[in-house]
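Colleague: Dropping a prediction and its sequence here:
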Amino acid sequence: MNVLVVYAHPSKDSLCGTLFAVVCDEVERAGHQLRTHDLIAENFNPVFSAYERINHVGDLAQKLDQMPELRSHVEDLQWCDTLILVYPTWWSGQPAVLKGWFDRVLMNGVAWTLPEGKARLSPMLTNVRRLIVVTTHGSPKWVNMLQGEPGKRTVFRSVRLMFHIRTRCTWVGVYCMDRLDKSGPRQRKITWVRRRVRRGLSKR
């Protein structure tokens, strides 16, 4: 499989950084092809510019000529059949850099098209057949459920619609992360994440 891992956390020393390393290790252990984007390390600009708004439905080649920093992201999305997102849940959703990645990279001509006379988008990233989310939460799961799990909805009810209709989804949420110490409980949770990712990669 061709696996793209997108990581969105400012510190690789964090639990999220550890999970990013675990995810990449699990992908390579399984013998899959791996490409990664560390959005913070790459200084990815999440700001959706006036040019992008005006040319949102413009010619893709022309847009990438104007925004060459997006080219590798687009090419990797078109290459992969599995997308894994690793990020912390902040303010009930994705960090700004990842939300900006959705805004800027999942553009017309890449992720979707709107046929003339139609009211619904047609997905273009039908090469993606697996979507795995690994995310950390400071709060317990019940708090996120009361909030309506907006971060989960963004990925599985919006982003996922740009992929193949039969894309299999796996949610790996690490809750109450602030209560995990550096010893047993933390290591057990990391092992659990590894197993969940391995299972998500093996889904048919």
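Modeller: Received it, and whenever you're ready, just let me know what you need.

Colleague: backbone phi and psi for residue 136, please?
Modeller: When quoted as degrees, to the nearest 10, the phi and psi of residue 136 stand at phi -100, psi 150.

Colleague: what's the answer for residue 196, then?
Modeller: Dihedral angles (degrees, to the nearest 10) for residue 196: phi -60, psi -40.

Colleague: is it true that it touches residue 173?
Modeller: No: with contact defined as CB atoms under 8 Å, residue 196 does not count as touching residue 173 (9.6 Å). Any C-beta I mention is one placed from the backbone N, CA and C, and that applies to glycine too.

Colleague: In contact with residue 73, which residues?
Modeller: By CB atoms under 8 Å, 6 or more residues apart in numbering, the contact set of residue 73 is 37, 101, 105.

Colleague: Out of those residues, who's the most crowded?
Modeller: Ranked by neighbour count (other CB atoms under 10 Å), these have residue 101 at the top, with 23 neighbours.

Colleague: mind listing what's buried in the helix or strand encompassing it?
Modeller: Element membership of residue 101 [criterion: DSSP states H and E] is helix 96-105. The neighbour-count check on helix 96-105 (16 or more other CB atoms under 10 Å) flags 97-102, 104-105 as buried.

Colleague: For the helix or strand harbouring residue 153, buried residues please.
Modeller: Applying DSSP H and E as the criterion places residue 153 in helix 150-153. For helix 150-153, the neighbour count (16+ other CB under 10 Å) marks 151-152 as buried.

Colleague: Now it - C-alpha only, CSV.
Modeller: C-alpha atoms of helix 150-153 as CSV (Å, rounded to 0.1, in the frame of the first residue of the first chain):
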residue,chain,number,x,y,z
PRO,A,150,-16.7,18.2,16.0
GLY,A,151,-13.2,17.1,15.1
LYS,A,152,-14.3,13.6,14.3
ARG,A,153,-17.2,14.9,12.2
